[in-house]
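[1] A predicted structure for the sequence below; I have some questions about it.
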Number of protein chains: 2
Amino acid sequence: MTRLHRLLSAGLVVAALTQPAVAQTPNRAELEKAVAARHGVTVKALQDWIALPTIAAERRNVAEGAAYMVRLAQEAGFVNAKVVPTDGLPGVFGTIDVGAPVTMGVYFMYDVKQFDPAEWTSPPLEARIVDRPGEGKAIVGRGSVNQKGPEMAFLAALHALKAAGRRPPVNIVLVAEGEEEIASPNFHQIVQNPEVMAALKRTAGVFIPFNAQDRDGSAGVNLGAKGAVELQLIVGGETSNRYPKSDTHSSSHARIANPAWRLVKALDTLVADDGYTAAVDGWMENVKPLTARQRELVEQLSKRGSEADAKKASGGVGRWLGDDDYRSSIERLISRPTINIQGLVSGYSGPGGKTVLPSRAEAKIDLRLVPDQTRDEVVAKLRAHLAKHGFDDVKVNVSGGYGPNQTDENAPLIRAQKAVLDRWKIPYVINPRLAGSWPGVVFTGPPLGLPAGQIGIGRGGGAHAPDEWFLIESSDPKVAGMKEQTLLYVDLMYELAKQGRR
Amino acid sequence: MTRLHRLLSAGLVVAALTQPAVAQTPNRAELEKAVAARHGVTVKALQDWIALPTIAAERRNVAEGAAYMVRLAQEAGFVNAKVVPTDGLPGVFGTIDVGAPVTMGVYFMYDVKQFDPAEWTSPPLEARIVDRPGEGKAIVGRGSVNQKGPEMAFLAALHALKAAGRRPPVNIVLVAEGEEEIASPNFHQIVQNPEVMAALKRTAGVFIPFNAQDRDGSAGVNLGAKGAVELQLIVGGETSNRYPKSDTHSSSHARIANPAWRLVKALDTLVADDGYTAAVDGWMENVKPLTARQRELVEQLSKRGSEADAKKASGGVGRWLGDDDYRSSIERLISRPTINIQGLVSGYSGPGGKTVLPSRAEAKIDLRLVPDQTRDEVVAKLRAHLAKHGFDDVKVNVSGGYGPNQTDENAPLIRAQKAVLDRWKIPYVINPRLAGSWPGVVFTGPPLGLPAGQIGIGRGGGAHAPDEWFLIESSDPKVAGMKEQTLLYVDLMYELAKQGRR
């Protein structure tokens, strides 16, 4: 979910005063009390969870993390929760069936991003509670905001209902994966499990608990996200005997081909001379133009955010692509599919130079897709393009990815989200599409065709960085802490029950 | 000198039996005895020198290394030896003036390559003597072959003459630098020192002591070397506000330019689609074609070496550039100027992918030059090319370099070298030009116009690698140890005295 975090905090949301109001949840005061009474237990449970990091890239705590997720789900009421095997890390699936007419879907990730303790000011697995000046008390720990904190707030909502002797007003389907941080290569296998698929089919939509609030208290409602495909282009001794198998002396280039040049030549064909327009045959043919409503939302977004803040949050860039104005930059952010170079790796990388002819060159690429592009389509087009240009010695290694997702603004899940935010008097902007990505297409695409998105209040930061934090107790009345976020999920359940399935 | 080592051992030299014969050096047996008598002292002196590594890139032992070089020179008879300051690491200069009609120039480097002790099987500064099966006793230590071992053998020749109560038959000028391993950025300043320049002008040529023998005992006579220019092309937040100042989320590429793409576009213009032919305007206009004699030498080289060994020594490459046959590959190696990518560095470099938009992209480049290209010429052409193509945001950082050098086969220094090798019955090939580089142009170019090259016998290896070694006592009669190398330098002095200055 980090992809979302970064985007949401990129200055697209502006300040307004927030005042929690009485919700239309029956006997809400009782639930508020139950949430408050369990607060210490909830925070401790979050800390315990943070202490057990599952990291897919390192295959760290694989079985332990899945078993822990099962236990957390069971304790929250998903008594049938169990592990769902995949070719990679296992998923977790559970249901709460109260015989309600409406079913709510929830997506969890139980994995976290890699971390280097040396870069942290407090141990990343200790989940210490620290004072965050001007914000309140926060937990500092890997996974605290991405995504264990908000997920624990959702589980706490179920615990509060139970403590108050109530059953949830909706049935709930929980589906969790342990590979979100490596781009969910096997999540489709979890969803395609017949039992999981049948359960998801009954839902009114699926959401991931999320901290959507900005410093000024405003939140966001997201109607979709781009797809993302990660791949590496590799050329060298391992792909052709034209290149050395190990680095050799640079003077040899007089009679030996250099794979770094070959990579440069292959990359050069992928985008136009402007350095960003896709030059792969047919790349744009399934790209849908923005609708009038989407352009209207872009316009709204551009009027609320601060361009200077957005530039600052984007690595301190000075100019947008093509010297765009702010509105155009947002339109591009939302509508443009990209071919991005994440990294170039070849030969010597230390200071100055070193006289080597590299034996290998690699470009790390990510593709961002918009409706109606698909993962299979763009990968096939890329391969065909390289073949057509004769790059038979350039290997394409697709390491993960999925297509874009899009949800209708009038779906009951979105209506419920907006109704609750309105009731809480939390200002929000509607983002027609996140430039970041999450594997929501598994829900929104065929065969399920469900609404999907991120829902929550509260704050956190540093998702893929050191000192990741999650706000436990907010000192700012405009911003929610963990208790308020929990209560919002209670309200959301009642509101979704009211909105119905369609 | 590593550049040479690698090239010389790349299969261009073949086997033949070697039998040291009586040299035409007066009362040579007495000198042979003197060399043998001092052998233990010489080896110990080499070990002590290895214990004090000067590393320019790390500015390690700068003052200490220069002072040590001064002391070694003084002890060997350069009583006036002293430090010559430069903008970088200092040089060392000394003379032995015996009033002889002929003066011999010697070039030393007192610096060594960086090293990581963890990669060595014995501590790199301990200079342990180990058994090298089938070869004999060797010193393992950083700088042992590159270049302290052969240099110490030359100093030992002077000590042997002194021990035998003789003065050298030639005057000697010693000039040393401490920045060879960073491509000699300031060596011209040492040579341009008026006192050094005046002394060098009187020499019949300048050589660097060197281990030229292959496993089969054969040696090489080198008539020149390509020039080398090291530079980095850099683009990113530090060169233009189009790019972020720090890495940002990869989804931002929808509205933010990626410096890695820009680098790819700039690099792409430098070479043709074949991935090696220079495409910079006027790049080839000063490239002199090989002479008939040079082509004849290429032909000889191609008949002696094993193509399979050459491919093995070149990182195990399977095919030469353009699917050349072996002779053509050698012709390219000797005649083709190159634009090589040593390294590509941008963004994420770990396993798999990471969703970043890099703030910086760098290509590490080396240019190899042949006569009559010059460093200033190619750098100016590269800058003009990038400017013409609008790459004003691509910074060119030239970190070092020098032009090519070429020495006449009939120069007295080369005649003396060949005469001594013939007398020792050491087979040799004549290499018209090394594909590797050394800053000999400072001697061969204007205003000095001197012959220059590498001279020596003996063996060693691993110049820029772990477990660098230098043969002290050879168990193979075809291959020289340190004593024989020392004696060859004695013979060389007498032979040069005989050959005269022109």
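    Cool, got the structure. Numbering: from 1, shown residues only, chains lettered A, B, ... in the order given.

[2] quick one: secondary structure of A:T42?
    Here A:T42 is helix, with the state taken from DSSP: H, G, I helix; E, B strand; the rest coil.

[3] Pull the contacting residues for it.
    If a contact means C-beta atoms under 8 Å, 6 or more residues apart in numbering or on different chains, then A:T42 has A:M152, A:A153, A:A156, A:H159, A:M482, A:T486 as its contacts. For every residue, glycine as well, the C-beta is placed using N, CA and C.

[4] From A:D323, how far off is it?
    49 Å (C-beta to C-beta, to the nearest Å).

[5] now swap in A:V235 and tell me
    34 Å.

[6] and the two? which has more neighbours close in?
    A:V235 (29 against 9; other C-beta atoms under 10 Å in any protein chain shown).

[7] Distance of that one relative to B:A361?
    18 Å.

[8] Also A:G500?
    For A:G500, the distance to B:A361 - C-beta to C-beta - is 52 Å.

[9] what about those two, which has more around it?
    Per other C-beta under 10 Å, whichever of A:G500 and B:A361 has more neighbours is B:A361, with 28 against 12.

[10] can you tell me the helix or strand for that one?
    Using DSSP states H and E, B:A361 sits within strand B:360-369.

[11] From the contact counts, what lies against that strand?
    Strand B:360-369 sits against strand A:338-347, strand B:224-236, helix B:259-268, strand B:338-347, helix B:375-388, with contacts defined as 3 or more C-beta pairs under 8 Å, 6 or more residues apart in numbering or on different chains; DSSP states H and E.

[12] Just give the strands next to the second one in its sheet, each with its orientation.
    When you say that, I think you mean strand B:224-236. strand B:360-369 (antiparallel), strand B:395-402 (antiparallel), strand B:405-406 (antiparallel), strand B:434-437 (parallel) (DSSP bridges).

[13] any chance of the helices and strands packed on strand B:360-369 in CSV, plus distance to B:N61?
    CSV is the format used below for the helices and strands packed on strand B:360-369 (distance: least, C-beta to C-beta, whole Å):
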stretch, distance to B:N61
strand A:338-347, 28
strand B:224-236, 23
helix B:259-268, 36
strand B:338-347, 26
helix B:375-388, 28
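
[14] quick one, which of those is nearest to B:G458?
    When those are compared for distance to B:G458 using C-beta to C-beta, the nearest one is strand B:224-236, at 20.1 Å.

[15] Surely A:P101 touches A:R501?
    Yes. At 7.1 Å, A:P101 counts as touching A:R501 under the criterion of C-beta atoms under 8 Å.

[16] Could you chop chain A up by domain?
    Here the domain parsing of chain A from automatic domain parsing is A:2-223+A:407-499, A:226-287+A:337-402.

[17] quick one: which of those domains has the weakest pLDDT on average?
    Of all the domains of chain A, mean pLDDT reaches its minimum on domain A:2-223+A:407-499 (a mean of 92).

[18] need the residues of the stretch 101-250 of chain A near chain B, please.
    By the rule C-beta under 8 Å from any C-beta of the partner chain, the part of the stretch 101-250 of chain A lying against chain B is A:182-183, A:226, A:228, A:230-232, A:237, A:240-250.

[19] Now stretch A:477-485 - C-alpha only, PDB.
    The C-alpha coordinates for stretch A:477-485 follow below in PDB (Å, rounded to 0.1, in the frame of the first residue of the first chain):
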ATOM      1  CA  PRO A 477      -8.800  17.300  16.800                       C
ATOM      2  CA  LYS A 478      -8.900  17.400  13.000                       C
ATOM      3  CA  VAL A 479      -6.900  14.200  12.700                       C
ATOM      4  CA  ALA A 480      -8.000  10.800  13.800                       C
ATOM      5  CA  GLY A 481      -6.100   8.400  16.100                       C
ATOM      6  CA  MET A 482      -6.400   4.700  16.200                       C
ATOM      7  CA  LYS A 483      -9.600   4.700  18.300                       C
ATOM      8  CA  GLU A 484     -11.400   7.100  15.900                       C
ATOM      9  CA  GLN A 485     -10.200   5.000  12.900                       C
END
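
[20] What are the buried residues along it?
    The neighbour-count check on stretch A:477-485 (16 or more other C-beta atoms under 10 Å in any protein chain shown) flags A:K478, A:V479, A:A480, A:G481, A:M482, A:K483, A:E484, A:Q485 as buried.

[21] do stretch A:47-59 as well
    In stretch A:47-59, counting by 16+ other C-beta under 10 Å, buried: A:Q47, A:W49, A:I50, A:A51, A:L52, A:P53, A:T54, A:I55, A:A56.

[22] which one of those residues is nearest chain B?
    Nearest to chain B, judged by C-beta to the nearest C-beta, of the buried residues of stretch A:47-59 is A:A56 at 10.2 Å.

[23] still on that earlier bit, and the buried residues of stretch A:47-59, which is closest to A:K418?
    A:W49 (30.2 Å).

[24] ok but that closest one is inside a strand, no?
    No. Counting by three-state DSSP, A:W49 falls outside a strand, being helix.

[25] Can you say which of the strands paired with strand B:224-236 is packed in most?
    For the strands paired with strand B:224-236, the largest average neighbour count (mean count of other C-beta atoms under 10 Å in any protein chain shown) is found in strand B:434-437, namely a mean of 28.
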